[in-house]
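Colleague: based on what follows, work out the 3D shape:
(3 chains)
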Amino acid sequence: MAKGAIITLLTDFGLADHYVAAMKGVILGICPEARLVDISHEIKAFGIDDAAFTLGQAYPCFPKGTIHLVVVDPGVGSARRPLLAEADGHRFVGPDNGVLTIPMDRDPKCLVREITAERYFRQPVSNTFHGRDIFAPVAAHSAAGAGAAKFGRRISDAARLDFSAPVAAGSGRWSGKILRVDRYGNLVTNFDRETFGEIETERFEVRIGRRKVLRYAGSYTEAPAGLPAVVRGSGGYYEVSINQGDAARELQAKRGDTVELTLSAKRR
Amino acid sequence: MAKGAIITLLTDFGLADHYVAAMKGVILGICPEARLVDISHEIKAFGIDDAAFTLGQAYPCFPKGTIHLVVVDPGVGSARRPLLAEADGHRFVGPDNGVLTIPMDRDPKCLVREITAERYFRQPVSNTFHGRDIFAPVAAHSAAGAGAAKFGRRISDAARLDFSAPVAAGSGRWSGKILRVDRYGNLVTNFDRETFGEIETERFEVRIGRRKVLRYAGSYTEAPAGLPAVVRGSGGYYEVSINQGDAARELQAKRGDTVELTLSAKRR
Amino acid sequence: MAKGAIITLLTDFGLADHYVAAMKGVILGICPEARLVDISHEIKAFGIDDAAFTLGQAYPCFPKGTIHLVVVDPGVGSARRPLLAEADGHRFVGPDNGVLTIPMDRDPKCLVREITAERYFRQPVSNTFHGRDIFAPVAAHSAAGAGAAKFGRRISDAARLDFSAPVAAGSGRWSGKILRVDRYGNLVTNFDRETFGEIETERFEVRIGRRKVLRYAGSYTEAPAGLPAVVRGSGGYYEVSINQGDAARELQAKRGDTVELTLSAKRR
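Modeller: Here you go, the predicted structure:
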């Protein structure tokens, strides 16, 4: 297991400061064979649900056995617990604030532990940088072969975010929201293919603010240029996108905004 | 070949979203020994020629045998073909939209294939993220030892950009353009040393907008502070630079702007 | 030593251009086993003291033997010397402009050499990109096993920055400055725990501009939300921070601003 374990890093540290490198240095000091892969360090400062969403999109692309180090930790230095979770064949290390919600929700048999074994910490433990002093060394020791049980006892009350699925808002109507605006201005909604099926096979209306979107496009380039369309995104969620344009700017929409979906009575 | 192959990544994905990490996870699942190196993910969204230029500057610094994964792909999901090119001792994987122009142009014996072997794709193939589902796995299988011929048949009509060399505009005069404004505000032109020789050995005039630059500097620091000078850039192109200043801001110049060069009759 | 040596990279190149990748390609061509770790490439352009501070915070987290490649080099192409320093168990490669001040200051027995051995350079050496042509190949050859003495002769007059410790400004009063504003708006001062001790054990006043801070917090979250407090930072320096806020914005403070500390007479 130890040989060349992959450790991903997901933080809100940004790339200007030395914080990410400090964690990587600590990891390589403990587990020289670790292969480090950045997921993102541009999570909005303290953006727990942003990090949780990003983790949910990224981790399934990695091989089983990967260790995901998630440090978006507004509560650093407070009583919030550090966690090690085994879920969906992956391992996750991060604070008990909901950032690990998606893999925990996906795997009913997940095992979550409170990290208490101080012998694995970097000493002295700062009150302001648990990423460097607790989370990184724990991830590294886990990569180097320390069994999960060594880090602490199982718990069953880890914090979870309410990744609210869309809620019913009448017959054939649901109210959801924008989970993410990506670099291209695509609006990733929380309407997912698994729950809502192939909406393009029936009559649908997606409403964001005062804008209605009635068009479906099989890909970003299929719709007429400049007109918004609903596209099936690569992460399983429906997106509102504009071919050769920026849907967020055009629709004046942002993360968290309400998205309403109406489906024809045909199927539901 | 497989052991520790280098795969570079060049995209317009930015660093905030999970897209780059998704590709890396897919690669490491197929070729765990791959060594991943980012070239840039800050290419302007859909900036095909920006990516092509950046690739041309970066790839020759890597050892022969390196695989370069280039995903600037406004046509994702459309009929544009995915390509695998062998050129100049390197391999290149990317969409057929011109991003691979420079290595293909440099190597008249380059071999270009349309990637059609779906058995190497990540299934199901999304219509919105071929980087993850086609390009990354193909690069990884190539790194892991699959021969080029396995991916598809050779083609001879790959799209190429017109990296227009400067054009003659009279006796001893040429009209070129700014290829890139770098982080320091240096204006990289398309006048290259190979074609135009050592312009500092004769009388020259470079004009950008209404500003004339007559001074040559052997390095960024040789010219008087605050005054623009022509410098031989590290990538083979002449640049207009200001010692301790920002030439782009000072000359109000941007990518794509016209650059006129006049050379004394001495040599030409 | 060669097997898997770690090379860190710290520059002001930004992440949009190809410059960082060019250095990495050169390194991997010389030392394929090198493990590359970015410290930061978002140092302000030409920000020598910003880079020096960042290096000082990051390098101690890496294992002994790590090679740190620091290219913030406004004097590229001029007569400033390229240096190889052995200090504090680490190796450092960079220009002779003060970026290596902190490890040199920390280790009185440091050995510093002027790099003159052109056989290790990438040829031809550009006057505008010594990062690619001198510093990266030297770091790589060092990682691959070339002894320090091979690169040039020892010198004793390397440039050092004045990382001015705070200066006494009366009885129990000192005048210092803000070394860094981090991503969260925390104001890292140059008052360090080692010199000034546990200031929270006595009565203290920190003044930034017209704002007085009298509160101490054991962690970022301990102080009341929205009110500035002094926190012991993870890098050994006291910081002014606002729980759930941005101290830089709130106090209208920036890098370099003066910070005054007054301590009660109790201990001093």
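Colleague: tell me the residues of the stretch 51-200 of chain A that contact chain B?
Modeller: A:Thr54, A:Gln57, A:Ala58, A:Tyr59, A:Cys61, A:Phe62, A:Pro63, A:Thr66, A:Arg180, A:Asp182, A:Arg183, A:Tyr184 (C-beta under 8 Å from any C-beta of the partner chain). Bear in mind the C-beta positions are built from the backbone N, C-alpha and C, glycine included.
Colleague: tell me which of the residues you listed fall in helices.
Modeller: Using DSSP state H, the members of those that fall within helices are A:Thr54, A:Gln57, A:Ala58.
Colleague: what sits against the spatially closest residue to the first one that is not a sequence neighbour?
Modeller: Counting by C-beta to C-beta, 6 or more residues apart in numbering or on different chains, the nearest residue to A:Thr54 once its immediate chain neighbours are dropped is B:His18, at 5.0 Å. Contact partners of B:His18, counting by C-beta atoms under 8 Å, 6 or more residues apart in numbering or on different chains, are A:Ile39, A:Ser40, A:Thr54, A:Gln57, A:Ala58.
Colleague: any idea how far B:His18 is from A:Ala16?
Modeller: Applying C-beta to C-beta, to the nearest Å, the value for B:His18 to A:Ala16 is 21 Å.
Colleague: before we move on, what about A:Asp182?
Modeller: On the measure of C-beta to C-beta, A:Asp182 and A:Ala16 end up 22 Å apart.
Colleague: isn't A:Arg180 right up against A:Asn190?
Modeller: No - if you go by C-beta atoms under 8 Å, A:Arg180 and A:Asn190 don't touch, sitting 9.6 Å apart.
Colleague: who's more crowded, the two?
Modeller: A:Arg180 (22 against 19; other C-beta atoms under 10 Å in any protein chain shown).
Colleague: that one pairs with what?
Modeller: Assessed by DSSP bridges, A:Arg180 has beta-bridge partners A:Val188.
Colleague: that older thread, let me have the ones in helices among the residues of the stretch 51-200 of chain A next to chain B in JSON lines, adding pLDDT as columns.
Modeller: Formatted as JSON lines, these follow (pLDDT from 0 to 100):
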{"residue": "A:Thr54", "pLDDT": "97"}
{"residue": "A:Gln57", "pLDDT": "96"}
{"residue": "A:Ala58", "pLDDT": "98"}
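Colleague: just the buried ones from the residues you listed?
Modeller: A:Thr54, A:Gln57, A:Ala58 (16 or more other C-beta atoms under 10 Å in any protein chain shown).
Colleague: burial measure for A:Pro108, as a count.
Modeller: 7.
Colleague: count the neighbours of the residue of chain A found nearest chain B for me.
Modeller: Nearest residue of chain A to chain B, counting by C-beta to the nearest C-beta: A:Ser219, 2.4 Å away. Using other C-beta under 10 Å, A:Ser219 has 19 neighbouring residues.
Colleague: for it, give me its contacts.
Modeller: Per C-beta under 8 Å, 6+ apart, neighbours of A:Ser219: A:Val231, B:Val76, B:Gly77, B:Ser78, B:Asn127, B:Thr128.
Colleague: kindly report the residues of the stretch 51-200 of chain A close to chain C.
Modeller: A:Pro74, A:Gly75, A:Val76, A:Gly77, A:Ser78, A:Ser126, A:Asn127, A:Thr128, A:Phe129, A:Arg132, A:Asp133.
Colleague: give me the ChimeraX select line for the residues you listed, limited to the buried ones.
Modeller: Buried subset of these, written as a ChimeraX selection, criterion 16+ other C-beta under 10 Å:
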select /A:74,75,76,77,126,127,128,129,132,133
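Colleague: can you lay out the residues of the stretch 51-200 of chain A next to chain C as TSV showing distance to B:Phe46 and secondary structure?
Modeller: Formatted as TSV, those follow (distance: C-beta to C-beta, whole Å; DSSP: H, G, I helix; E, B strand; the rest coil):
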residue	distance to B:Phe46	secondary structure
A:Pro74	35	coil
A:Gly75	40	coil
A:Val76	39	coil
A:Gly77	43	coil
A:Ser78	44	coil
A:Ser126	43	coil
A:Asn127	45	coil
A:Thr128	41	coil
A:Phe129	39	coil
A:Arg132	38	helix
A:Asp133	42	helix
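Colleague: can I get the residues of the stretch 51-200 of chain A next to chain C in TSV with pLDDT?
Modeller: Converted to TSV, those look like this (pLDDT from 0 to 100):
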residue	pLDDT
A:Pro74	91
A:Gly75	89
A:Val76	89
A:Gly77	86
A:Ser78	86
A:Ser126	94
A:Asn127	92
A:Thr128	93
A:Phe129	96
A:Arg132	98
A:Asp133	97
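Colleague: return the member of the residues of the stretch 51-200 of chain A next to chain C nearest to chain C.
Modeller: Checking these one by one against chain C (C-beta to the nearest C-beta), the nearest turns out to be A:Gly77, at 2.4 Å.
Colleague: please look at that closest one and A:Phe129 and confirm they touch.
Modeller: No - counting by C-beta under 8 Å, A:Gly77 stays clear of A:Phe129, with 9.0 Å between them.
Colleague: who touches both of those two?
Modeller: Joint contacts of A:Gly77 and A:Phe129 (C-beta under 8 Å, 6+ apart) do not exist.
Colleague: quick one: list the elements packing against the helix or strand hosting A:Pro103.
Modeller: Here A:Pro103 sits within helix A:101-106, counting by DSSP states H and E. Helix A:101-106 is packed against helix A:48-58, strand A:82-87, with contacts defined by 3 or more C-beta pairs under 8 Å, 6 or more residues apart in numbering or on different chains; DSSP states H and E.
Colleague: which members of the residues of the stretch 51-200 of chain A next to chain B are the farthest-apart pair?
Modeller: A:Pro63 and A:Tyr184 (27.8 Å; C-beta to C-beta).
Colleague: neighbour count winner among the two?
Modeller: Each of A:Pro63 and A:Tyr184 has its neighbours counted (other C-beta under 10 Å); A:Tyr184 has more, 21 against 14.
Colleague: please name the nearest non-neighbouring residue to that one.
Modeller: Nearest residue to A:Tyr184 in three dimensions, chain neighbours excluded: B:Ala45, at 5.5 Å (C-beta to C-beta, 6+ apart).
Colleague: look up phi and psi at the one you found.
Modeller: phi -50, psi 130 (degrees, to the nearest 10).
Colleague: of the contacts of A:Ser219, closest to B:Tyr238?
Modeller: Distances from B:Tyr238 to the contacts of A:Ser219, taken by C-beta to C-beta, are shortest for B:Val76, at 35.7 Å.
Colleague: let me know the pLDDT of the nearest residue to the closest one once chain neighbours are set aside.
Modeller: Counting by C-beta to C-beta, 6+ apart, B:His130 is the residue found nearest to B:Val76 once chain neighbours are left out, at 5.1 Å. pLDDT for B:His130: 96.
Colleague: just the one 5 residues further on next, same as before
Modeller: Per-residue pLDDT puts B:Phe135 at 98.
Colleague: what's the local residue count around it?
Modeller: So B:Phe135, with other C-beta under 10 Å, has 29 neighbours.
Colleague: what sits against it?
Modeller: B:Met23, B:Leu69, B:Val71, B:Pro82, B:Val93, B:Gly94, B:Pro95.
Colleague: did I read that right, it in a helix?
Modeller: Yes - B:Phe135: assigned to a helix according to DSSP: H, G, I helix; E, B strand; the rest coil.
Colleague: mind listing the residues bridging to A:Leu9?
Modeller: Applying DSSP bridges, one finds that A:Leu9 bridges with A:Asp38, A:Leu69.
Colleague: which strands or helices does the worst-scoring helix or strand of chain A on mean pLDDT pack on?
Modeller: Sorting the helices and strands of chain A by mean pLDDT, DSSP states H and E puts helix A:193-196 at the bottom, at a mean of 92. Contact here means 3+ C-beta pairs under 8 Å, 6+ apart; on that basis helix A:193-196 packs against strand A:237-242.
Colleague: tell me the mean pLDDT over the strand it packs on?
Modeller: 96.
Colleague: centre of the chain to the helix or strand where A:Gly29 lies, how far?
Modeller: Using DSSP H and E, the element containing A:Gly29 is helix A:19-30. Helix A:19-30 sits 22 Å away from the centroid of its parent chain (C-alpha atoms, centre = their mean, to the nearest Å).
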